[in-house]
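> sequence and predicted model, in that order:
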Amino acid sequence: MSPDVTSMQNTRYGSNAGQPLTRRDGLLKVTGRATYAADNNPDGLLHAVTAVSTIARGRVTALDIAAAKAHPGVIEVLTPENRPPLAHDPDVKMERFGFRIEVLQDNSVRYANQPIAVVVAETLEAAAEGAALLNPQYEVEEPRTGLDNGVRFDPAAVGIGASPRSAHGDLDAGMARAAKVIEADYETPAQYHNAMEPHAVVAQWDGDKLTLDMPNQALAMSCASYAAYFGIPPENVVIRSPFLGGGFGSKAILNGPQILAMIAARMLGRPVKLALSRSQMYGPVGHRGNTWQTLRIGMDGEGRITALHHRALSATSSFDDFIEPAANASTHLYASPALLSEHQAIRLDVGTPGPMRAPGEASGSAALEVAMDEAAEACGMDPLEFRLKNYAEKEPGTGRPYSSKALRECYAEGARRFGWASRPLAPRRLRDEDGFLVGWGMGTALFPCPHFPAQARATLRADGTALVETAGVDMGQGAWTALAQIAAESLGLDPDKVEFHSGVSTLPDAGVAGGSAHTASAGLALHNAGRDVIDQLAVFATSDPASPLFGAGNVGVVARAGRLHRRDDESRSEAYAELLARAGQREIVGTGQSARDPQLGQAYAMYSHGAVFAEVKVDPDLGQVRVTRLVGAFAAGRIINPRLVESQYFGGMIWGASFALHEEAIVDRRTGRIMNADLAEYHVPVNADIPSLEAVLIPEEDPYVNPLGVKGVGEIGVTGTVGAVANAVWHATGVRVRKFPIRIENLIG
């Protein structure tokens, strides 16, 4: 059955851009009628299950294929011996978000949980049983799991093509003239994607045409990549992705298991479904790699930073490079006449890391914001006072003005809401009525504002309603609601008059849903498509003697509530439907593209900003930590839908608390296997862990970031929260913990 896209697209709500609309897809999700990838069951469906390695380094020497094939219902077992050839070498990286992947190209094992075979059967149970019967045998090599046996190297780039080194000013001179210098080491663990919806695909071939039901954050780009693997034109690949149960970056990249399902479907001539189990997501679909960071900060006698040095060592796999750009978190935030950020990398026997919500900024700001707290303590200053003392009026290093920056307002309003003014400077001064230690901490939040090329189409219909289309992605952030609001505004219609189509690759390319850029990128394309329609309609009206708008071409018209109005006399207007009827037009189609003006991108520094304040309570005897309050104040340009933005800030702050206190992948150093690869042992917060959240939306106008004035909100909430929680733990206990997550033994050892 096909995804139930139409029923969702025809669900309509009425309001205007800037208003807190409920989600267009909300009713379908809460009633269970939303169709996710693994919910699709086409006729003739086969089920595939990956058999995965239980070692982290070595090679597979034997598989009991006969036993698996003898199991009732098993159709085929794919191994390196019988896997059909591919048109693209999986060990050659593709452009943009391309990674080397494992698709049974040989019998080598590069990390635990790597696919080593695929069993295809008539039922899921038979496929799972067949995979268990393979009983793999290995030639085992000692896994490289940490600093003591990993291979260090100097990377050519970090993140997605960023420079591994950034410098300005004379670092040595800045340190030499400092009255005080702090230096400390910080460690962040490997963290793994645990979206509610695991990675899944239903692959169907019709000749050389491939249809995929799958969660995907980059529809058009992925079509081209999958097409390259199979040697077919990109237009022969169709991806349907109307619903995603979370993405966080992992569903913007290709992975081996999904390609193996496509291979199996082509090989067997029947649709194939493959869904990863929870434990199988710990390896082939990316993660946030470990970092080991050192920060050195020099301050003069008044508490101004004289020099800042941020070094990061980031883990990557043995066979590919994604280097967490952690040290770059220091390059854009605080005023310093001298700054050096630099990266090294270390190869471990793990799956290749990849983008994970706030890549680089999350890990880097965790260390930076604790270091800033330590620097404030060394200067005898309040942490907020210290940050204001080192407030950057222009981007450090480049001297570029900010396109907008309401960070001072974030500090002020967040502190007021939290009650920061009554915070004692020294630690261990606050207790609650039950005797628990109470601590207050803060951190600055920052995330860049990238922009991706995007396209959209808008169609104004004879009845005055509209259809807008773009291959956008809603992975839970509410994009389909916010994008429809933008389109409706550009068309001068209420959203209940606008039908919104998205989530399938055959529509105009909406770019990548990542980098907190989707609303701005796809939204601007939709805005421009709507304006194209209105411009065409205005030509009809102003050149038609029968229209009350005739001759208004010089003064212009305004589109509002389904009517065009003279700009200088709004009492003179005409409905869209009347104009179309008299012009003999059934519809008007407009197109729009989205791109950032390169001159503005070079002239201005573009970021979202924020400040997070945290309260924790710590059991003085047991060392147990609970976050009891989080208040975040954020400035992110124009807000399209406050309800959705607040939800994104909440999610980011919850993730930050999770980073600080809960999340860590624990590796068995003997085997390289992750020992807590499930939601029982890989800890993430539940409702009881986050009792009080407040997100403050600080007004901000940005005329340069894009014509809509929209910035991103999806990732910034993580960046200030990790440090805020860690600093609150210090304020409660007097113990400075520099290794995440903060554990009981760190506080009572």
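Ah, there it is.
> quick one: strands adjacent to the helix or strand hosting residue 117?
Counting by DSSP states H and E, the element that carries residue 117 is strand 115-121. With DSSP bridges as the criterion, the sheet partners recorded for strand 115-121 are strand 46-52 (antiparallel), strand 74-78 (antiparallel).
> so which of those strands is nearest residue 417?
In this view, the strands paired with strand 115-121 are compared for proximity to residue 417 by Cβ to Cβ, and strand 46-52 is the closest at 47.7 Å. Using the backbone N, CA and C atoms, a C-beta is placed for each residue, glycine as well.
> does anything pack onto the helix or strand following the closest one? Which helices or strands?
Downstream of strand 46-52, the next assigned helix or strand under DSSP H and E is strand 58-62. Applying 3 or more Cβ pairs under 8 Å, 6 or more residues apart in numbering; DSSP states H and E, one finds that strand 58-62 makes contact with strand 108-109, strand 137-140.
> which one of those strands lies closest to residue 581?
Shortest distance between residue 581 and the helices and strands packed on strand 58-62, using Cβ to Cβ, is found for strand 108-109: 68.2 Å.
> show me what the helix ranked longest in the chain is packed against.
Ranked by residue count, the top helix of the chain under DSSP state H comes out as helix 518-542. For helix 518-542, the packing partners by 3+ Cβ pairs under 8 Å, 6+ apart come out as strand 454-461, strand 466-469, helix 479-491, strand 557-560, strand 563-566, helix 576-583, strand 587-594.
> the stretch 251-400 of the chain: helices as residue ranges?
Read by DSSP state H, counting those that start in this stretch, the stretch 251-400 of the chain holds these helices, from start to end of the chain: 256-268, 361-378, 383-389.
> make TSV out of these and add mean neighbour count, distance to residue 157 and mean pLDDT.
Below are these laid out as TSV (neighbours: other Cβ atoms under 10 Å; distance: least, Cβ to Cβ, whole Å; pLDDT from 0 to 100):
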stretch	mean neighbour count	distance to residue 157	mean pLDDT
helix 256-268	23	23	98
helix 361-378	27	16	98
helix 383-389	20	30	98
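> okay, now the domains of this protein?
Partitioning the chain according to automatic domain parsing yields domains covering residues 46-141+195-277, 287-450+602-748, 454-595.
> so which of the ones you listed is nearest residue 20?
Residue 20 lies closest to domain 287-450+602-748 among the domains of the chain, at 3.5 Å (Cβ to Cβ).
> ok now that closest one, how far from the chain's centre?
16 Å (Cα atoms, centre = their mean, to the nearest Å).
> now render the domains of the chain as JSON lines, adding distance to residue 174.
What follows is these, written out as JSON lines (distance: least, Cβ to Cβ, whole Å):
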{"stretch": "domain 46-141+195-277", "distance to residue 174": "35"}
{"stretch": "domain 287-450+602-748", "distance to residue 174": "3"}
{"stretch": "domain 454-595", "distance to residue 174": "32"}
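> of all those, which one comes closest to residue 156?
Across the domains of the chain, closest to residue 156 is domain 287-450+602-748 (Cβ to Cβ), at 7.9 Å.
> of the helices and strands packed on strand 58-62, flag the one that's most buried.
Highest mean neighbour count of the helices and strands packed on strand 58-62: strand 108-109, a mean of 21 (counted as mean count of other Cβ atoms under 10 Å).
> so for that strand, mean pLDDT?
Per-residue pLDDT values over strand 108-109 give a mean of 98.
> that one packs against which elements?
Counting by 3+ Cβ pairs under 8 Å, 6+ apart, strand 108-109 packs on strand 58-62.
> the strand it packs on vs strand 115-121, what angle?
Computed with axes from the mean of the first three to the mean of the last three Cα atoms, to 10 degrees, the direction of strand 58-62 lies at 40 degrees from that of strand 115-121.
> buried ones in the very next helix or strand once past strand 58-62?
Next in sequence after strand 58-62, counting helices and strands by DSSP H and E, comes helix 65-70. By neighbour count on 16 or more other Cβ atoms under 10 Å, the buried set for helix 65-70 is 65, 68.
> output helix 65-70 as CSV, nothing but the C-alphas.
Once non-C-alpha atoms are left out, helix 65-70 reads as follows in CSV (Å, rounded to 0.1, in the frame of the first residue of the first chain):
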residue,chain,number,x,y,z
ILE,A,65,24.5,-20.7,4.7
ALA,A,66,23.1,-24.2,4.2
ALA,A,67,21.5,-24.1,7.7
ALA,A,68,19.9,-20.7,7.0
LYS,A,69,18.6,-21.7,3.6
ALA,A,70,17.1,-24.9,5.0
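> related to what we said a few turns ago, out of the domains of the chain, which comes closest to residue 154?
Residue 154 sits nearest to domain 287-450+602-748 of all those, at 6.1 Å, using Cβ to Cβ.
> quote the end-to-end distance of that closest one.
Across its full length, domain 287-450+602-748 reaches 31 Å between end residues, using Cα to Cα, to the nearest Å.
> before we move on, what about stretch 618-630?
Across its full length, stretch 618-630 reaches 15 Å between end residues, using Cα to Cα.
> look up how far residue 112 lies from the closest residue to residue 682 other than its chain neighbours.
In this structure, residue 682 finds its nearest non-sequential neighbour in residue 676, 4.7 Å apart by Cβ to Cβ, 6 or more residues apart in numbering. Separation of residue 676 from residue 112 (Cβ to Cβ, to the nearest Å): 13 Å.
> ok so, going back, what's the closest of the helices of the stretch 251-400 of the chain to residue 189?
Between residue 189 and those, the tightest spacing by Cβ to Cβ is seen for helix 361-378, at 9.5 Å.
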